[in-house]
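Undergrad: Structure, please.
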Amino acid sequence: MEKRNCILGQLENIEFVVIFTRYQDKWVMCWHKYRKSFENPGGHVEEGESAMQAAKRELYEETGITDCDIIPLWDYEQPWDDGIRKNNGRVYLAIAHCLGELPESEMDKIELFDEVPENFTYDRELATKEFHMAENILSAWDIAHN
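TA: Numbering: from 1, shown residues only. You can find the predicted model right below:
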């Protein structure tokens, strides 16, 4: 079973967050020191934490970014390999105003990209489609707020 994107707020019990991050019109990617590949910042929602709080925390822990605008984009269901269980997640878009110092974490460094890098942890083709979706939402958001 494949990941299924859903309308924002459609799913309950958000357990994971993914943050698509832009800085100076580039995508911010984290180099995972154990997986030896690039990925978006993201991770688990901790007990007592909202999805937005988790997104801000994970963004800082994995990139050092604190000065940003962050908006929720959509929810997703990620089925487990057993075909029975699933995790619910939420995708965010962060527009960073400046880069911070990377704290000690599983991320070794960050780099800026025009597109999803070749050495991407997850499905590169799907990530490329989702980046285009995020860019379209960002364009609409810019028009509405300018």
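Undergrad: can you point me to the longest helix in this structure?
TA: Across the chain, the longest stretch assigned as helix under DSSP state H is helix 124-145.
Undergrad: So which residues lie in contact with that helix, not counting its own?
TA: 3, 5, 20, 22, 27, 40, 71, 73-74, 91, 93, 95, 115-116, 118, 120 (CB atoms under 8 Å, 6 or more residues apart in numbering). Heads up, the C-betas are built off the backbone N, CA and C, glycines and all.
Undergrad: Which of the residues you listed fall in strands?
TA: Asn5, Phe20, Arg22, Trp27, Ile71, Leu73, Trp74, Val91, Leu93, Ile95 (DSSP state E).
Undergrad: so what's the first one up against?
TA: The neighbourhood of Asn5, defined by CB under 8 Å, 6+ apart, consists of Trp74, Asp75, Tyr76, Val91, Glu130.
Undergrad: And what about the third one, helix, strand or coil?
TA: Translated: Tyr76. With DSSP: H, G, I helix; E, B strand; the rest coil as the basis, Tyr76 sits in strand.
Undergrad: ok, it - contacts?
TA: Applying CB under 8 Å, 6+ apart, we find Tyr76 in contact with Lys3, Arg4, Asn5, Cys6, Leu11, Asn88, Gly89, Arg90, Val91.
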